[in-house]
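Participant: Make a model of this:
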Amino acid sequence: MIPWLATVAGAVLAAFLLDRAFPERPSLVLLLAPVAPLAGLAIAWSRRSDPAWEITAGTSRAGLELLLRRTVVVLATVLPLLAVAGWRLGMSPALWLLPSLTFTTATLLLGGLIGVTRAAAVLGGGWLLVIALPAVLTANPPAVVAPASLPAWAVAALIGAALTVLRAGDHRRAD
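Facilitator: Numbering: from 1, shown residues only. Predicted structure coming up:
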């Protein structure tokens, strides 16, 4: 996880520095925040990155409970980085926190169907291609990262969390 953490920290730092240098452009911290934890989730639930996955998969606590524990570790490393960047840029924490949590729950939910690694790639890649890239190229901030979108992010995060818990049986194996 060290390379992943270094990559995420570098990306958040680069986004922060670019936001400082070009304040008239859409915030890269806000555009990066929803997908920042996704690579960590993919690594945390991948049999290729877990040397003890056979032992882990055979325990009675394997499945969603273990995935949630690992998700907490990922969020505990990513969210402080985003918090510092957001605080230094004078952003409301809700602007980066709610999209990040929403994408995390969506990854867990979709991960039960297609695997967490694939879900992280699909959701992260989709966000970057459909929302972030056009915002950077056109210099128009997308409406989905505006303060008016916060209620929708909150509802989506709650629904995603509830559905993930209801679909807990989908997480019986590592990717």
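Participant: Quick check: buried residues in the helix or strand Gly124 falls within?
Facilitator: Assessed by DSSP states H and E, Gly124 sits inside helix 116-127. Residues Val116, Thr117, Ala119, Ala120, Ala121, Val122, Leu123, Gly124, Trp127 are the ones in helix 116-127 that count as buried (16 or more other CB atoms under 10 Å). Any C-beta I mention is one placed from the backbone N, CA and C, and that applies to glycine too.
Participant: Can you dump the C-alpha atoms of it in PDB for me?
Facilitator: Provided in PDB are the C-alpha atoms of helix 116-127 (Å, rounded to 0.1, in the frame of the first residue of the first chain):
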ATOM      1  CA  VAL A 116     -14.100  -4.300  -6.100                       C
ATOM      2  CA  THR A 117     -11.100  -3.800  -8.300                       C
ATOM      3  CA  ARG A 118     -13.200  -3.600 -11.500                       C
ATOM      4  CA  ALA A 119     -15.800  -1.500  -9.800                       C
ATOM      5  CA  ALA A 120     -13.100   1.000  -8.700                       C
ATOM      6  CA  ALA A 121     -11.700   1.100 -12.200                       C
ATOM      7  CA  VAL A 122     -15.100   1.600 -13.800                       C
ATOM      8  CA  LEU A 123     -16.300   4.300 -11.400                       C
ATOM      9  CA  GLY A 124     -13.000   6.100 -11.200                       C
ATOM     10  CA  GLY A 125     -12.300   6.000 -14.900                       C
ATOM     11  CA  GLY A 126     -15.900   7.100 -15.700                       C
ATOM     12  CA  TRP A 127     -15.600  10.000 -13.300                       C
END
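Participant: Would you tell me what the next helix or strand after it is?
Facilitator: helix 133-138.
Participant: what's Ala15 in contact with, if anything?
Facilitator: Ala15 is in contact with Ser27, Leu28, Val29, Leu31, Leu32, Ala85, counting by CB atoms under 8 Å, 6 or more residues apart in numbering.
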